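*Asks:* Following is a predicted model, sequence given first.
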Amino acid sequence: MTTDLRRRFAVLAVAVAALAVLAGASLCVGARSVPPGTVWAALTGHTATDLEAIVRDVRVPRTVLACCAGAALATAGTLIQTLTRNPLAEPGVLGVTAGAAFAITLGTVAGLSGSQAARMALAVAGSALAAAAVYAVGRSFPLRLLLAGVALTAVLAGLTLGLRLVYPDALDEYRYWSVGSLAGRERTPLALPLAAILLALAGTALVTRPLGGLMLGDGVAHALGARVRRTRVAVLVLVTLLTGAATAVVGPVMFVGLIVPHLARRLAAGSLPWLAAYTAVLGSVLLVAADIGARLLLPTGEVPVAIVTAFLGGPALIWVVRRHGAVAL
């Protein structure tokens with residue numbers, strides 16, 4: 001094993017260790033603090049005290065959801081930034097998040113979003129249609145892809161707001177979903193969205209090498225034998241599935257797909273497969289840490305995790321713009 005490969009594995013091991021520490025902290029902190037010994041008893045024993053029930057039934061599912069959603073959103077951001085060759089790209093830029101929000105709003109008005117499976121189907125369908133529309137307009141040029149995504153996001157956001165104004169009484173469920181929070185989400189069935197996220201993460205490992213050819217430009221990728229159109233479609237499908245499944249459960253959480261790829265890119269040193277691996281782990285780290293902060297910021301309640309990620313993402317966006325300048329645009 002070469003020195004560089006050992007370094008990469010060491011960095012990944014440190015990130016996984018940090019995630020394990022944060023996951024343990026997530027099981028301990030909250031409205032009621034739980035001692036580590038009680039957490040261990042809840043994970044290994046069969047007693048049924050109130051604190052152990054909180055750990056098993058609330059905090060474990062919530063922590064698993066934060067890990068999977070963080071990995072999904074961060075990986076989607078990495079795929080979009082690589083596909084468009086734009087460091088400012090993230091899932092919301094291509095209209096994927098706006099498509100999911102519009103589909104859930106429309107489904108809520110029509111009475112079709114009563115279950116978690118229905119809500120996920122609506123979110124993935126809306127994300128897929130939005131991604132397909134953007135790809136149809138801008139498939140030949142990355143910049144045109146971004147501009148089409150921004151335009152579609154604005155249109156869908158306006159339509160979503162119009163539906164909320166026309167049908168205010170029918171959208172209590174949408175308001176609950178649109179906050180962008182992990183609180184209470186552990187009570188919903190999570191098997192389907194988590195399975196979709198894990199499947200898409202596995203698919204990401206298969207497209208990293210052909211996608212690396214697209215980083216050099218379509219002409220070079222064609223010369224190297226890469227199937228440009230098939231790779232681009234596969235990436236958009238994966239982004240749709242990752243973002244749609246995560247958004248269906250936790251609501252719109254912005255900036256995770258923007259912050260994490262920039263943190264991981266220096267560690268990966270130009271290797272797209274390692275970038276994808278670092279991004280998945282660091283995305284989990286970021287969202288679990290943000291969720292812990294969301295529980296502790298207010299003494300009498302909880303801040304939606306989307307607000308915490310937005311608070312972190314604003315300075316990150318300024319840093320990216322100052323670093324890349326007009327090239328990022």
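*Replies:* All right, it came through fine.
*Asks:* secondary structure element for the nearest residue to residue 156 once chain neighbours are set aside?
*Replies:* Once flanking residues are discounted, residue 156 sits nearest to residue 98: 4.0 Å by C-beta to C-beta, 6 or more residues apart in numbering. Heads up, the C-betas are built off the backbone N, CA and C, glycines and all. Using DSSP states H and E, residue 98 falls within helix 96-109.
*Asks:* burial count for the closest residue to residue 207 other than its chain neighbours?
*Replies:* Closest residue to residue 207 apart from its sequence neighbours, by C-beta to C-beta, 6+ apart: residue 234 at 5.2 Å. For residue 234, the neighbour count with other C-beta atoms under 10 Å is 18.
*Asks:* Tell me what angle the helix or strand hosting residue 234 forms with helix 96-109.
*Replies:* Using DSSP H and E, residue 234 sits within helix 228-250. Put simply, helix 228-250 runs at 50 degrees to helix 96-109, going by axes from the mean of the first three to the mean of the last three C-alpha atoms, to 10 degrees.
*Asks:* So, low pLDDT: which residues of the stretch 151-300 of the chain?
*Replies:* Along the stretch 151-300 of the chain, the parts satisfying pLDDT under 70 run over 169-174, 176-177, 213-226, 300.
*Asks:* Could you pull out the helices in it for me?
*Replies:* Secondary structure of the stretch 151-300 of the chain by DSSP state H, counting those that start in this stretch: the helices cover 172-178, 191-214, 218-223, 228-250, 256-268, 272-296.
*Asks:* Any idea which of the ones you listed gets closest to residue 23?
*Replies:* Evaluated with C-beta to C-beta, these place helix 272-296 nearest to residue 23, the distance being 6.1 Å.
*Asks:* out of the helices of the stretch 151-300 of the chain, nearest to residue 31?
*Replies:* helix 272-296 (7.2 Å).
*Asks:* What are the buried residues along that closest one?
*Replies:* 272, 274-295 (16 or more other C-beta atoms under 10 Å).
*Asks:* relative to helix 96-109, how tilted is the strand or helix carrying residue 65?
*Replies:* Using DSSP H and E, residue 65 sits in helix 60-84. Interaxial angle, helix 60-84 versus helix 96-109 (the same axes, to 10 degrees): 130 degrees.
*Asks:* three-state assignment of residue 17?
*Replies:* Per DSSP: H, G, I helix; E, B strand; the rest coil, the local secondary structure of residue 17 is helix.
*Asks:* and the gap between it and residue 262?
*Replies:* Distance of residue 17 to residue 262, given as C-beta to C-beta, to the nearest Å: 22 Å.
*Asks:* In terms of neighbours, single out the busier of the two.
*Replies:* More crowded of residue 17 and residue 262, by other C-beta under 10 Å: residue 262, with 19 against 10.
*Asks:* wait, that one sits on residue 87?
*Replies:* Yes. Using C-beta atoms under 8 Å, residue 262 makes contact with residue 87 at a distance of 6.9 Å.
*Asks:* okay, residue 113: pLDDT?
*Replies:* For residue 113, the model assigns a pLDDT of 66.
*Asks:* Report the contact partners of the residue nearest to the spatial centre of the chain.
*Replies:* Centroid-nearest residue in the chain, with C-alpha atoms, centre = their mean: residue 73, separated by 1.5 Å. Applying C-beta atoms under 8 Å, 6 or more residues apart in numbering to residue 73 gives the contacts 91, 242, 243, 246, 253, 256, 257, 283, 287.
*Asks:* among those, who's most crowded?
*Replies:* Neighbour counts for the contacts of residue 73 (other C-beta under 10 Å) peak at residue 246, which has 36 neighbours.
*Asks:* How much space separates it from residue 26?
*Replies:* In terms of C-beta to C-beta, residue 246 sits 17 Å off from residue 26.
*Asks:* Repeat that for residue 299.
*Replies:* Residue 299 is 19 Å from residue 26, by C-beta to C-beta.
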